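> Need coordinates for the following:
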Amino acid sequence: ANTAVSGLGNSSTRDVGTTAGTVAAGDDPRFTAASVLGWINVKDYGAVGDGTTDDSTAIKAAVGAMDDNSVLYFPPGEYRYAGTVLIENLSDIIIMGAGRDTTMLRHIGTSVVTPGFNNGNTPATHGGTIMNIEDTCDHVVVRDMTFDGNCDTRKYGQQCVHFRANHLKVHDCAFQNGGE
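Numbers count the residues shown, from 1 in each chain. Modelled structure (predicted):
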């Protein structure tokens with residue numbers, strides 16, 4: 001894979017690559033060629049991405065291996081996760097798929113009833129928040145993926161992602177079945 005990096009730049013229209021394994025364009029020194037050595041491929045941790053296997057354990061291990069300046073990479077495939085992928089306390093990271101039409105992260109759990117909503121008459125539904133990037137993260141890029149909350153019913157307060165990082169850029173992503 002081509003691992004040349006010249007940064008992200010200050011422009012909101014800067015791109016960080018268009019092909020898997022490439023991070024390019026811009027002039028931000030935080031993203032150097034050495035930082036790409038921190039690439040973490042979820043398949044190296046056992047994720048299958050075949051649309052039927054529960055990849056939760058492998059993805060959780062890959063996220064646990066992340067450090068500042070890491071790239072969490074999802075090759076083409078549909079990755080199923082029971083629960084919420086939690087990203088916290090990291091800086092200068094990239095979460096990247098191979099393209100929003102070829103890489104999907106899908107929630108496979110069940111949401112609980114929201115207490116007090118609709119007089120307690122809201123049933124538990126399939127789906128939920130698939131990824132939460134906490135506000136303890138700084139300088140985050142998310143790109144080239146589809147996030148599927150897999151929610152089968154509109155549900156108050158349920159979104160397929162929570163991205164609260166400081167200095168967040170999202171490029172070429174799709175979000176579906178969020179519930180709200």
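> Please tell me how far the residue nearest to Cys137 when sequence neighbours are not counted sits from Thr53.
Leaving aside its sequence neighbours, Cys137 sits nearest to Ala165 (Cβ to Cβ, 6 or more residues apart in numbering; 4.0 Å). To be clear about C-beta, it is placed using only N, CA and C from the backbone, and glycine gets the same treatment. With distances taken as Cβ to Cβ, to the nearest Å, Ala165 is found 29 Å from Thr53.
> which one of those two has more residues nearby?
The residue with more neighbours, out of Ala165 and Thr53, is Ala165; 22 against 15, by other Cβ atoms under 10 Å.
> Now do the end-to-end distance for stretch 81-90.
The first and final residues of stretch 81-90 sit 21 Å from each other (Cα to Cα, to the nearest Å).
> Given the helix-or-strand element of the chain with minimal mean pLDDT, what are its sheet partners and their directions?
The helix or strand of the chain with the poorest confidence is strand 161-163; it has a mean of 86 (mean pLDDT, DSSP states H and E). Sheet partners assigned to strand 161-163 using DSSP bridges are listed as strand 131-133 (parallel).
> Tell me the helix or strand right after the strand it pairs with.
Past strand 131-133, heading to the C-terminal end, the next element that is a helix or strand (DSSP states H and E) is strand 138-143.
> Check which helices and strands that following strand is in contact with.
For strand 138-143, the packing partners by 3 or more Cβ pairs under 8 Å, 6 or more residues apart in numbering; DSSP states H and E come out as strand 91-97, strand 166-171.
> got the ones you listed as JSON lines, with distance to Ile108 columns?
Rendered in JSON lines, the data for the helices and strands packed on strand 138-143 read as follows (distance: least, Cβ to Cβ, whole Å):
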{"stretch": "strand 91-97", "distance to Ile108": "18"}
{"stretch": "strand 166-171", "distance to Ile108": "23"}
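> which residues touch the closest residue to Met131 other than its chain neighbours?
For Met131, the nearest residue in space outside its immediate sequence neighbours is Val85; the separation is 4.5 Å by Cβ to Cβ, 6+ apart. Contact analysis of Val85 by Cβ atoms under 8 Å, 6 or more residues apart in numbering lists 59-60, 63, 105, 130-132.
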